[in-house]
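A.B. asks: A structural model of the following input is requested.
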Amino acid sequence: MFHKATQKIVNELDPYGGTLIPATSPYFSDDFKPLHIIKKRKGTWFFTKDKYIPTSITLADILKDGKDLDIGLQTSNFSGYAETSSFYILGEVDASVCTVDAGVHASGGVADIISTVEMKKRVISEMMLLEATKDRKINRRHRFVKQLCNNTFHIILEVVETDRPCDLNSLFTAHAGVEVPTKIMKAKGGVNVALKQNLSFPAGTTIAFKVLKLRITEDDTLDTVWQEFQTYNCAASCYRKPEIPFTELTKLSKDVSQLFLNTFLQILGNSDNLPVLDTMLDQICEGFQPDLQVLGLMEDEDRACVEKLLDLLGIRKVDPPGQPLTLTPHQNEVIKTVNIFVQSLNELNPDTLPLLATNVEMKIISRQLKMLEKMEERFFICFAPEMQIDPAEETLESLALQFTESEFEITQGILEEFGFHLKSENTSISCEMHHRNEDMFCSIFVVLSVLKALDDQVKM
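C.D. replies: Coordinates of the predicted model:
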């Protein structure tokens, strides 16, 4: 909900997508401030977007004489923002976590209400930064500097933050028209249901930021890096099926698999946990204890969900942030898989996540994955002319005809999110691709594959 709001605000402030980056979560706001070092992870062939991972380290921390570093910070009130938006969605459900039978229908709506946001901009001049640090040396013995592979790093040069407290509300409504057994919805057939989500964040919460790339020179001083221009890479633009490390998931016991599956269902019920988990998992994948102080800022239910997943991953809460972790190869592989799963969820529309959890309860993931494979063959993979397709194989349309009406509606709602329109007329099925979105296709494929792998372990 927060990331959705900051993306809208950034689109207004920076409509041409220049340099302003929307913040993903209010919980790491203190680390998204001027002069804080931020880790930039370049997009891969699967996750094409660059990621920015916050740290508690500032530029002053890595300088030998940085304690008295004083750089003029320019502050100005420059804009206000207010919006009420509502839009129609397909196949919505009430995302309250509970263990009851529930209803789902093919119509409903979501309204997001953002209170007026008064914002201020805090900026450090690049020229003043270089002037203030020109005679200061980098501490090569600092643990962060030791990890640098090319003597370059990024710092935050500018932030847009709230000037006063702000409220963000989301109203989720649905009419339960058919009965669907699911653990993450709370509804009975024939009744209206609604879910309200409220998020309040204080003055000084970072809405967006800009970064500057610096390099450490041979004499251990700082200099800026010229803007990098990305070259077109034909190989990188070609579709490649995601490779998911399933091996360690199949080694989990039935009870542990059930715990992971239940936790993932809870996460699907509240997408606001995803940016927090994404950041923590990135820190863990780099081999360091994540910053768990943000858990104290979260609501009790959200905090319990995040803590449950960290416990399953073997992350102890007693260790201070930034300390090296000692994990077994099995733990590392499970964490890697969970990280890919969470990153994939972050690529999807939050309104789709409850539908994905419904798939687990409806036992239709296997059939949906078969459909995705057929879509992959038809729309993404170019077959050589000599390749022959067996006419006896199931087609995309024949697989879709196997769904019941409610199963078809859920599947149809999910496919719409990544550009496919599945239409049923009488006893015939048609499938059209309105737009090609490989990132979204890969993400939905990963999410369904991980859920199926855990569900298969539970059934054993």
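
A.B. asks: pLDDT weak spots in the chain?
C.D. replies: 1, 17-18, 42-49, 72, 76-116, 168-199, 227-242, 318-319, 381-393, 426 (pLDDT under 70).

A.B. asks: show me which helix runs longest in it.
C.D. replies: Using DSSP state H, we find that the single longest helix of the chain is helix 438-459.

A.B. asks: next, the buried residues of that helix.
C.D. replies: 438-455, 457-458 (16 or more other Cβ atoms under 10 Å). Heads up, the C-betas are built off the backbone N, CA and C, glycines and all.

A.B. asks: would you map the strands across the stretch 201-350 of the chain?
C.D. replies: 206-216, 222-224 (DSSP state E, counting those that start in this stretch).

A.B. asks: deepest in the core, which of these is it.
C.D. replies: strand 206-216 (a mean of 20; mean count of other Cβ atoms under 10 Å).

A.B. asks: could I get it in PDB with only the CA atoms?
C.D. replies: What follows is strand 206-216, C-alpha atoms only, in PDB (Å, rounded to 0.1, in the frame of the first residue of the first chain):
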ATOM      1  CA  THR A 206      11.000   9.300   3.200                       C
ATOM      2  CA  ILE A 207       8.800   9.300   0.100                       C
ATOM      3  CA  ALA A 208      11.500   9.200  -2.600                       C
ATOM      4  CA  PHE A 209      15.200   9.700  -3.000                       C
ATOM      5  CA  LYS A 210      18.100  10.300  -5.500                       C
ATOM      6  CA  VAL A 211      21.400   8.700  -5.400                       C
ATOM      7  CA  LEU A 212      25.000   9.600  -6.400                       C
ATOM      8  CA  LYS A 213      27.700   7.200  -7.500                       C
ATOM      9  CA  LEU A 214      31.100   7.800  -6.000                       C
ATOM     10  CA  ARG A 215      34.500   6.100  -6.500                       C
ATOM     11  CA  ILE A 216      37.500   5.800  -4.300                       C
END
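
A.B. asks: for that strand, packing partners?
C.D. replies: helix 2-13, strand 21-22, strand 36-41, strand 152-162, strand 222-224 (3 or more Cβ pairs under 8 Å, 6 or more residues apart in numbering; DSSP states H and E).

A.B. asks: partner strands of it, with direction?
C.D. replies: strand 21-22 (antiparallel), strand 152-162 (antiparallel), strand 222-224 (antiparallel) (DSSP bridges).

A.B. asks: from the chain's centre, how far out does it sit?
C.D. replies: Distance, stretch centre to chain centre, for strand 206-216: 20 Å (Cα atoms, centre = their mean, to the nearest Å).

A.B. asks: then stretch 12-32?
C.D. replies: 14 Å.

A.B. asks: got it, and stretch 362-381?
C.D. replies: Distance, stretch centre to chain centre, for stretch 362-381: 23 Å (Cα atoms, centre = their mean).

A.B. asks: one step back: right, so of the strands paired with strand 206-216, which gets closest to residue 356?
C.D. replies: strand 21-22 (23.8 Å; Cβ to Cβ).

A.B. asks: would you map the helices across the stretch 301-450 of the chain?
C.D. replies: Listed in chain order, the helices of the stretch 301-450 of the chain (DSSP state H, counting those that start in this stretch) span 329-347, 353-362, 365-375, 396-400, 405-416, 438-459.

A.B. asks: I'd like these as TSV, with distance to residue 69 appended.
C.D. replies: Output for the helices of the stretch 301-450 of the chain, formatted as TSV (distance: least, Cβ to Cβ, whole Å):
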stretch	distance to residue 69
helix 329-347	35
helix 353-362	43
helix 365-375	53
helix 396-400	61
helix 405-416	51
helix 438-459	40
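
A.B. asks: those helices: which one's closest to residue 117?
C.D. replies: helix 329-347 (23.0 Å).

A.B. asks: tell me which residues of that closest one come out buried.
C.D. replies: 331-347.

A.B. asks: for the spatially most central residue of the chain, give its distance to residue 141.
C.D. replies: Among the residues of the chain, the one closest to the centroid is residue 346, at 2.2 Å (Cα atoms, centre = their mean). Distance, residue 346 to residue 141, using Cβ to Cβ, to the nearest Å: 36 Å.

A.B. asks: sorry, back to before: contact partners for the residue nearest to the residue nearest to the centre of the chain when sequence neighbours are not counted?
C.D. replies: Excluding its sequence neighbours, the residue lying closest to residue 346 (Cβ to Cβ, 6 or more residues apart in numbering) is residue 274, at 5.2 Å. Contact analysis of residue 274 by Cβ atoms under 8 Å, 6 or more residues apart in numbering lists 267, 342, 345, 346.

A.B. asks: now do residue 274 against residue 348, distance only.
C.D. replies: The value you get for residue 274 to residue 348, if Cβ to Cβ is used, is 9 Å.

A.B. asks: make JSON lines out of the strands of the stretch 201-350 of the chain and add distance to residue 121.
C.D. replies: Formatted as JSON lines, these follow (distance: least, Cβ to Cβ, whole Å):
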{"stretch": "strand 206-216", "distance to residue 121": "10"}
{"stretch": "strand 222-224", "distance to residue 121": "21"}
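
A.B. asks: number of nearby residues for residue 20?
C.D. replies: 19 (other Cβ atoms under 10 Å).

A.B. asks: my read is that it contacts residue 12, right?
C.D. replies: No - using Cβ atoms under 8 Å, residue 20 makes no contact with residue 12, being 10.3 Å away.

A.B. asks: I'd like the distance between the closest residue to residue 215 other than its chain neighbours and residue 52.
C.D. replies: Of all residues not flanking residue 215 in the chain, residue 152 sits nearest, at 4.6 Å (Cβ to Cβ, 6+ apart). Residue 152 sits 15 Å away from residue 52, going by Cβ to Cβ.

A.B. asks: and these two? Which one has more around it.
C.D. replies: The neighbour count for residue 152 versus residue 52, taken as other Cβ under 10 Å, is higher for residue 52 (19 against 13).

A.B. asks: for the more buried one, which non-adjacent residue is closest in space?
C.D. replies: Per Cβ to Cβ, 6+ apart, closest to residue 52 is residue 38, 5.2 Å.

A.B. asks: residue 59 too?
C.D. replies: Using Cβ to Cβ, 6+ apart, the nearest residue to residue 59 is residue 35, at 4.7 Å.

A.B. asks: residues contacting that neighbour?
C.D. replies: 58, 59, 60, 71, 124, 155, 156.

A.B. asks: let's see that with 7 Å instead.
C.D. replies: Residue 35 is in contact with 58, 59, 60, 124, 155, 156, counting by Cβ atoms under 7 Å, 6 or more residues apart in numbering.

A.B. asks: and what of residue 271?
C.D. replies: 350, 353.

A.B. asks: and the one 5 residues further on, by the same measure?
C.D. replies: With contact taken as Cβ under 7 Å, 6+ apart, residue 276 is in contact with 25, 27, 294, 306.

A.B. asks: how many neighbours does the first one have?
C.D. replies: Using other Cβ under 10 Å, the number of residues around residue 25 comes to 25.
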